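[1] I'd like to go over a predicted model; first the sequence, then the structure.
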Amino acid sequence: MKTRIVPFVWAAALLTACGGPPADPPSTTLEIDSMVPRDVRGIDSAPMEGLDLAGVDSFLVAKRTGIVAHYPCTSCHVHPIGDRPSSLRALHESTAKHGTTYGAQCQKCHTGTNPGAIPIRCADCHAREGEEGWAPSGRSHLTVQFTHPNESPEVCFTCHARENPGLFALHDGQRATMDQAYRLCAGCHYMQAEDWVGGAHGKRIAGWRGERVVLSCTGCHNPHSPRFPIREPISFPKIPRREASH
Amino acid sequence: MLRDLLRDLKAFLFSALDAATSGGRKYHVWMGTLTGFILLGGYAYMIQLRDGLQVTGMTDHVSWGLYISNFSFLVGMAAAAVMLVLPAYVLKDVDFTKAVLIAEGVAVSALVMCLGFVVVDIGSPFRAWHMMPVVGSLNWPRSMLAWDVIVLNGYIVLNSCIPLYILFSHYRGKQPSKLYIPFMYLSVFWAVSIHMVTAFLLAGLPARPFWNSSLMGPRFLASAFAAGPAYMILVLSFIKANSEYPIEDAAISKLAMVATVAAQVNLVMIGSEVFKEFYFPTHHSINAQYLFFGLHGHDALVTWIRTSIGVNIVATAMLMLHPIRRDPRWLRAACIALFIAIWMDKGMGLVIPGFVPSPLHEIVEYQPTWVEFAVTGGIWALGLFVLTVLVRVALPIELGQMRSPYLTEEELAAAQEAASSH
Amino acid sequence: MTFEDVLRWQGMSRALERRLEDEGRAEGEWCTPEECTCGGGGPAGTAGADEGIPAEGWVNGEAIPAEAWASGDLHALHGSPELGEAPTTAGARAGAPAVTPGSDAAPRVPGAELLEKPLNRRRALGTLFGTLFAGTQAAGACTSLIPLDEDKKEEILLDWQDKLKGNFRRMTDAEKAETIHRLERLARLRRGVDLNITTTDAPEGVLFGYAFNISKCKGYRECVAACVKENNQDRRTGIQYIRIFEMEGSEVDFEHATAEYQHDVPAEGHLYLGTQCFQCGSPPCVEVCPVGATWKEPDGIVVIDYDWCIGCRYCIAACPYWARRFNWGEPEIPTEEINPNQHYLGNRLRRKGCVEKCTFCIQRSRVGRLPACAEACPTGARVFGNLLDPDSEIRWVLENKQVFRLKADLGTDPQFFYYMD
């Protein structure tokens, strides 16, 4: 027996929770097998597209647009970045406030004779977190530090589309949404992509049974610093006599 | 007929109670001391029952400790009775006819201790009924522990009923009917089985390469047939010195011979295991490394096992020298040494290294707590208590001093004559 | 950069969390790693042994018609509070047959009880013992002028019945249901918690398998934390089913490994390998149990009937993977941390003196969810699924990656595989 679930209820709930309109209203319909655990309901996902599915059934990838909607790009980026870098309103406003005192600051990015033509390497600025005049804003991504790949800074537009940073620029010139980060990542990480499609890489959510729903690359990896962080492991109270040692 | 039987049984029980509770000052001091230890053990066990096994030194890594160590040793003691039963009944060796009842007493007391150690080791003793037939579900024949439960209980039944029947018959001034002879034969095989089953209980675990050896069963038997007769020699010597019970010197010297040969075989087996572990050490030798040399600075058992093997070699050497073995005092000293050496080896030296390091190579050492020592002492005291009572009852019957008050004069005289003629 | 940041990238689960909070967590608890043992779900007492998962869905143990799902009319269902209450009360009644309110210090005649409910011998015996014991206590209490209240008497009675129950495998469905009700009632009386204990059977055509990516594990021990919370392990002695070993170099060698590391991870030049119960295809622990208190279920999970276990610990000695744990003392767990969604053979509350182990979260996996460790893993090192399903992820891993099993030479046939990228 198959039950069709219109995810409108969940979309509404998600909207309420997020407190704002989503960038992309969910339009896919989740088809739930009768054996699907209840957990799967309400997970907003879309079928995987764009990668080779050789030998693997099609599956769903959890969406991320709802999350990215917390950081609406267009409230800062009022124009396509590729055309006019100065359209980074927030950035320039904060700098401009200080008038000519911070004139030298402009030259940190605009170093050439023709300031408008100099490509801005995002990491040139972003790596300077903590410097005067660069206080991070909660709603911007000024704190982003690039450590991808191999700790070397990259240009934003390696991944983001110049005309709309909310889209990804794939290597073949196509555009992908934030929900399809895997298409972008697969451009270089084709081995991982293959494992991810098959199930050896990545993370399945919402139960082992029924429709397969997995997290996209950016579900686990911080896209700007994809390596997993070095941190304190969780530890547990032990009583001495049960302690093992070497 | 049945009425007479019941009447005699009642009289027998009263006579036995009388014999067990009357004695000289030394006897009372001895029994009082044992009772004290039993009570202390009982107190410690109450604490263990209340708080759980956390009051012991055992952990998830070393999940069996002093209790199971003593258990595996004492099973051997129980099995060793066969070393007297076999010559006395099967080979009709007359030198052993008097000693055999004592041997069975030793077996019963050892079994009482075995069962005691199993019970105190169980985490939920009140659920032990799960092993009973019908109401429970015994995992037989798959589990070696189920086998062990059966053979131990069977052996204790055999070894209590046969001597009890003989003693009771003698008490009534009758010769026991030959019906018990098949059971006697059965008990011979059974004795070997209890020890083999216990060895298999450990040897059947591929998870523990230290135990997972085909030599485990034979080594158990060899050590048991060394320590058992050594213990028996001590008990028989004591009885011989403190009563007029006629124990042949030949019986003791033959037992000494048995102990000597078994101790030699046991040493050969230890040597062969040591060779196998250390000639080309593998991952599986790691437990033996821990035992004999210590591992990563953990060496709790090194002194223990080295002492054991040293004493074992000395005792075996003493037994091998005829002049020493034939001198009763030296013999006793050698027997004490052999007994202690094998207790150290077959107990802690066998069980604990099986757990250290763990199957995932984690090292957690084991140190028994006072509760374990107290409970262990209590169970040993209980075993000695049982043995003393059994001997105390058996001796006067076998000497013809204790007889049913319902015997006629003629019957009494005939019985007396029969007793002295043995 | 903290782990919180990483979690932020899983923000979707946050959104869901909030949604669930909005809805009072009435139905499906899709949990985040940090709180996977949340007190989700209300008391759903009716889940019987043989009911399984209905096609339509569940709210508080009540079946919801497909139409209700389709129309999205769930709030109406949530709105009725008695949905959550009724089954529990029913359970209490079923589980407490003997003591009636108003009975004084003198116990009821046990014989009458036997005639009324000739369910089985052991139960009757339990009733007898319980009634007698309660009576004795009450008599003792009278002298000190402290009345033994009804709850206490009921608890003693249920406790005795529980002590004398049989092996789970031999129980009929009715006995299982009765046992469950009794346990739920006892938990209510003792801890004041409402449990939802199930006895869900193994699903058809399922053999659970697990794969662990040793290239991906970073040693954070998130899985261990999730496991402890999910499975109601003893907090005092810190029982952990999962052990993460930090191994030197790139060789899988336990001799040069430790599970007790306390530095920041992942450490340079180390690999991390987790162990837990491997649910062996040919489990030595099952073989050795003298009372048949542990066995392998049709879906491959090796389970323990905690109340049938006598605590001999032979299975601990027999396990080549050191996967079993013993309750050396009375397990302690703060009431507010108890995970109420339990399975009889899984994470239900244990007692002193019994052995326990990982069951692949039987209470979750049997209803289609991932084990808590797999769900909690932040790096995706854990793959769980049905080995009999050719389209499952685990099968893809086995067919496309190089895999190995620990101590495969022992022939225990673990259903837990390791692989690398």
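    That came through, no problem. Numbering: from 1, shown residues only, chains lettered A, B, ... in the order given.
[2] which residues does the closest residue to chain B within the stretch 101-250 of chain C contact?
    Using CB to the nearest CB, C:N167 is the residue of the stretch 101-250 of chain C that sits closest to chain B, at 5.4 Å. Yep, even glycine has a C-beta here, placed from its N, CA and C like the rest. Contact analysis of C:N167 by CB atoms under 8 Å, 6 or more residues apart in numbering or on different chains lists B:H130, B:S137, C:V291, C:G292, C:A293, C:D305, C:W308.
[3] Now with 7 Å, please.
    C:N167 is in contact with B:S137, C:G292, C:D305, C:W308, counting by CB atoms under 7 Å, 6 or more residues apart in numbering or on different chains.
[4] how far away is B:I233 from B:V258?
    As judged by CB to CB, to the nearest Å, B:I233 and B:V258 stand 10 Å apart.
[5] neighbour count winner among these two?
    Counted by other CB atoms under 10 Å in any protein chain shown, B:I233 and B:V258 do not tie: B:I233 has more neighbours, with 26 against 22.
[6] Give me the distance between the helix or strand that one falls within and the centre of its chain.
    Following DSSP states H and E, one finds B:I233 within helix B:216-242. Distance of helix B:216-242 from the chain centroid (CA atoms, centre = their mean, to the nearest Å) equals 9 Å.
[7] For that helix, buried residues please.
    By 16 or more other CB atoms under 10 Å in any protein chain shown, the buried positions in helix B:216-242 come out as B:216-217, B:219-233, B:235-237, B:239-240.
[8] Next, count neighbours for B:M46.
    B:M46: 12 neighbours (other CB under 10 Å).
[9] What pLDDT does the model give it?
    For B:M46, the pLDDT comes out at 97.
[10] which SS class is it?
    Classification of B:M46 using DSSP: H, G, I helix; E, B strand; the rest coil returns helix.
[11] if we can go back for a sec, show me what secondary structure element comes after the helix holding B:I233.
    Next along the chain after helix B:216-242, taking DSSP H and E as the criterion, comes helix B:249-278.
[12] ok, now which ones touch C:Y418?
    C:F212, C:I214, C:L273, C:V403, C:F404, C:R405.
[13] want to throw these into a markdown table with pLDDT?
    Listed next are those as a markdown table, based on pLDDT from 0 to 100:
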| residue | pLDDT |
| --- | --- |
| C:F212 | 97 |
| C:I214 | 96 |
| C:L273 | 96 |
| C:V403 | 96 |
| C:F404 | 96 |
| C:R405 | 97 |
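[14] Including neighbour count, secondary structure and distance to chain B, could the residues you listed go into TSV?
    Converted to TSV, these look like this (neighbours: other CB atoms under 10 Å in any protein chain shown; DSSP: H, G, I helix; E, B strand; the rest coil; distance: CB to the nearest CB, whole Å):
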residue	neighbour count	secondary structure	distance to chain B
C:F212	25	strand	15
C:I214	19	coil	15
C:L273	21	strand	10
C:V403	15	strand	19
C:F404	11	strand	16
C:R405	16	coil	14
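[15] separation between C:P298 and chain A?
    From C:P298 across to chain A, the span is 16 Å (CB to the nearest CB, to the nearest Å).
[16] Let's see the pLDDT reported for that residue.
    96.
[17] And for C:A66?
    On pLDDT, C:A66 comes in at 38.
[18] picking up where we left off before, how about the residue of the stretch 101-250 of chain C closest to chain B: what's its closest non-neighbour residue?
    Spatially, and ignoring its direct neighbours in sequence, C:N167 is nearest to C:W308 (4.7 Å; CB to CB, 6 or more residues apart in numbering or on different chains).
[19] go on, B:G217?
    Here the residue nearest B:G217, using CB to CB, 6+ apart, is B:A199, at 4.1 Å.
[20] Please apply the same query to B:M196.
    Closest residue to B:M196 apart from its sequence neighbours, by CB to CB, 6+ apart: B:G217 at 4.9 Å.
[21] re the thing from before, looking at the contacts of C:Y418, which one is closest to chain A?
    Of those, the one sitting nearest to chain A (CB to the nearest CB) turns out to be C:V403, at 9.8 Å.
[22] re earlier: what is the lowest-pLDDT residue among the contacts of C:N167?
    Among the contacts of C:N167, B:S137 has the weakest pLDDT, 90.
[23] So it belongs to a strand, correct?
    No - under three-state DSSP, B:S137 sits outside any strand and is assigned coil.
[24] Next one: it relative to B:Q54, how far apart?
    Relative to B:Q54, and taking CB to CB, B:S137 is found at 28 Å.
[25] roughly how far apart are the nearest residue to A:F157 once chain neighbours are set aside and C:I338?
    Here the nearest residue to A:F157 in space, its sequence neighbours aside, is A:A169; by CB to CB, 6+ apart that works out to 6.7 Å. The gap separating A:A169 from C:I338 is 51 Å, by CB to CB.
[26] same deal with B:G310?
    55 Å.
[27] got it, and B:A191?
    B:A191 is 51 Å from C:I338, by CB to CB.
[28] about what we covered before: how many other residues sit next to the residue nearest to C:N167?
    So C:W308, with other CB under 10 Å, has 23 neighbours.
[29] cool, C:R236 as well?
    C:R236: 15 surrounding residues under other CB under 10 Å.
[30] swap in the one 3 residues further on?
    As a burial measure, the neighbour count of C:I239 was computed by other CB under 10 Å and equals 23.
[31] who touches it in this structure?
    Counting by CB under 7 Å, 6+ apart, C:I239 touches C:Q233, C:R325.
[32] Now do the same for it: helix, strand or coil?
    coil.
[33] Which pLDDT value goes with the residue of chain B found nearest chain A?
    Nearest to chain A, among the residues of chain B, is B:E362, at 4.0 Å (CB to the nearest CB). As predicted, B:E362 sits at a pLDDT of 92.
[34] I figured C:F417 hits C:A408, correct?
    No - checked against CB atoms under 7 Å, the pair C:F417 and C:A408 is beyond contact range at 10.0 Å.
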